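Asks: Task: produce atomic coordinates for the following.
(one chain, ligands or ions: 1)
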Amino acid sequence: MSGIPSGTPSGSPSERFIVGVDIGGTNLVVGAVPVDGGAAQAVRTRPTEPHRGGRFVVGRVARMVEKVIDEVSEAHGVGREAFLGLGIGSPGPLDRDTGTVIETPNLGWQNFPLRDLLSTEVGLPATLDNDANCATYGEWWQGAGRGVSTLAGVTIGTGVGGGLVIDGRIFHGASDVAGEIGHMTINFEGRRCRCGNYGCLEAYVSGPNIAARAVEGIDLNPDSILPDLVGGELDRITAATVYEAAVRGDAYADEVLSETAKILGAGIANLINLVNPEVVVVAGGVTKAGEHLLRPLRAAVRKRAFRSAVDVCRILPAELDATAGVVGAAGVFRSSLADGPARARRPLDDASSVP
Ligand SMILES: [Zn+2]
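Replies: Residues are numbered from 1 along each chain as shown. Below you'll find the model as predicted:
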């Protein structure tokens with residue numbers, strides 16, 4: 001399955017694209033994806049600079065989209081009619097029906113009509129879905145989960161995001177909350193989480209929480225090289241510092257990592273028993289630890305989840321890396337074409353009618 005063509009030959013009239021937009025708290029990523037599948041092309045990344053306001057971000061994304069369209073048009077000898085629409089992924093919670101971002105602390109948006117503003121600015125129909133759902137869907141459509149029917153995605157970075165693809169479709173639940181794997185309670189009287197709950201998976205295995213757990217135990221481990229790696233400034237320890245120390249043979253850092261794998265393994269075992277997926281894709285910065293993390297993680301899962309569920313489930317690192325969100329957002333738009341126009345809204349005639 002690795003040789004999926006990235007499009008039909010140059011200049012073919014059947015060559016059509018969807019532009020994927022991945023809006024993050026730090027970066028905006030935009031690229032064009034062939035409607036029949038393939039890698040993201042002409043991918044551009046720019047800082048989000050959310051403090052400059054939602055309208056600024058929309059304007060910046062619109063200019064990125066235009067540049068992507070120009071570049072792909074030139075490379076493939078196609079006109080603007082080859083671009084069918086925009087798939088947008090954004091942090092949520094969202095209202096997918098109205099295309100509105102209800103609230104997102106990272107970006108400071110409230111009831112922000114992102115989909116229609118961007119659609120109008122670019123002059124193409126658009127869809128909006130949650131960024132973690134899009135990343136999971138991207139891995140299902142063109143990444144590590146190609147060809148399977150049911151897949152769960154866990155993205156470990158600053159937070160822990162997740163998504164579910166069930167029978168080839170994103171599972172949204174009754175109010176678009178489904179897939180919040182990072183906020184499953186893993187220890188009912190455990191660490192405080194950003195969401196206000198105690199003992200969430202994220203409160204243990206997100207990058208900052210891996211670092212925090214390492215710092216908390218450092219006094220009891222005077223032989224650890226972790227302080228040396230940050231010139232003694234413990235608040236500079238990150239999850240990456242912990243891996244680096246583990247790779248260099250630091251026993252304490254290795255213990256923090258194997259504890260992380262056990263906790264994450266408990267979370268993924270819950271997920272496997274609940275959803276019975278064929279693939280769990282693990283994505284995000286933390287996966288740079290590679291087999292250091294995945295091997296003990298698979299062992300922890302095998303200990304906890306039902307054997308008949310574990311036996312059919314592969315736990316794989318993500319393949320698309322930084323473009324999963326772009327590919328998945330484009331995939332969401334693509335699936336809206338099959339579903340009819342309900343989700344993909346035409347651009348408004350008059351942008352000023354949007355509050
Ligand atoms: Zn939480």
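Asks: Validate this expectation: residue 102 resides in a strand.
Replies: Yes. Under DSSP: H, G, I helix; E, B strand; the rest coil, residue 102 sits within a strand.
Asks: quick one: it and residue 92 touch, right?
Replies: Yes. Here residue 102 reaches residue 92: they are 6.9 Å apart, a contact under C-beta atoms under 8 Å. No exception for glycine: its C-beta is placed from N, CA and C like everyone else's.
Asks: When the two are compared, which one has more neighbours?
Replies: residue 92 (21 against 14; other C-beta atoms under 10 Å).
Asks: pLDDT value on residue 81, please?
Replies: Model confidence at residue 81, given as pLDDT, is 95.
Asks: how close does it get to the ion?
Replies: 45 Å (C-beta to the ion, to the nearest Å).
Asks: Could you list the domains of this protein?
Replies: Domain ranges of the chain: 17-137+323-353, 148-318, per automatic domain parsing.
Asks: How far does the shortest one sit from its chain's centre?
Replies: The reference is to domain 17-137+323-353. Relative to its chain's centre, domain 17-137+323-353 lies at 14 Å (C-alpha atoms, centre = their mean, to the nearest Å).
Asks: Equivalent analysis for the longest one, please.
Replies: Centroid separation for domain 148-318 versus its chain: 14 Å, with C-alpha atoms, centre = their mean.
Asks: which one of the domains of the chain is the most hemmed in?
Replies: domain 17-137+323-353 (a mean of 21; mean count of other C-beta atoms under 10 Å).
Asks: Run through the residues that contact whatever residue of the stretch 251-355 of the chain ends up closest to the ion.
Replies: Taking C-beta to the ion, the ion has its nearest neighbour within the stretch 251-355 of the chain at residue 267, 11.7 Å off. Residues near residue 267 by C-beta atoms under 8 Å, 6 or more residues apart in numbering: 154, 181, 184, 186, 201, 205.
Asks: how near is it to residue 126?
Replies: Relative to residue 126, residue 267 is positioned 33 Å away (C-beta to C-beta, to the nearest Å).
Asks: now do residue 224
Replies: Counting by C-beta to C-beta, the gap from residue 224 to residue 126 is 50 Å.
Asks: again, but for residue 175
Replies: Distance, residue 175 to residue 126, by C-beta to C-beta: 21 Å.
Asks: rewinding a little: is it possible to export the contacts of residue 267 to TSV including pLDDT?
Replies: Conversion of those to TSV gives the following (pLDDT from 0 to 100):
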residue	pLDDT
154	96
181	94
184	96
186	96
201	97
205	96
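Asks: and the chain, which residues reach the ion?
Replies: 183, 193, 195, 197, 200 (C-beta under 5 Å from the ion).
Asks: Take these and write them to TSV, including distance to residue 278, secondary structure and pLDDT.
Replies: Listed next are the residues of the chain next to the ion as TSV, based on distance: C-beta to C-beta, whole Å; DSSP: H, G, I helix; E, B strand; the rest coil; pLDDT from 0 to 100:
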residue	distance to residue 278	secondary structure	pLDDT
183	24	helix	94
193	29	coil	94
195	29	coil	88
197	30	coil	95
200	26	strand	97
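Asks: could I get these as TSV with distance to residue 116?
Replies: Converted to TSV, the residues of the chain next to the ion look like this (distance: C-beta to C-beta, whole Å):
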residue	distance to residue 116
183	29
193	33
195	29
197	33
200	33
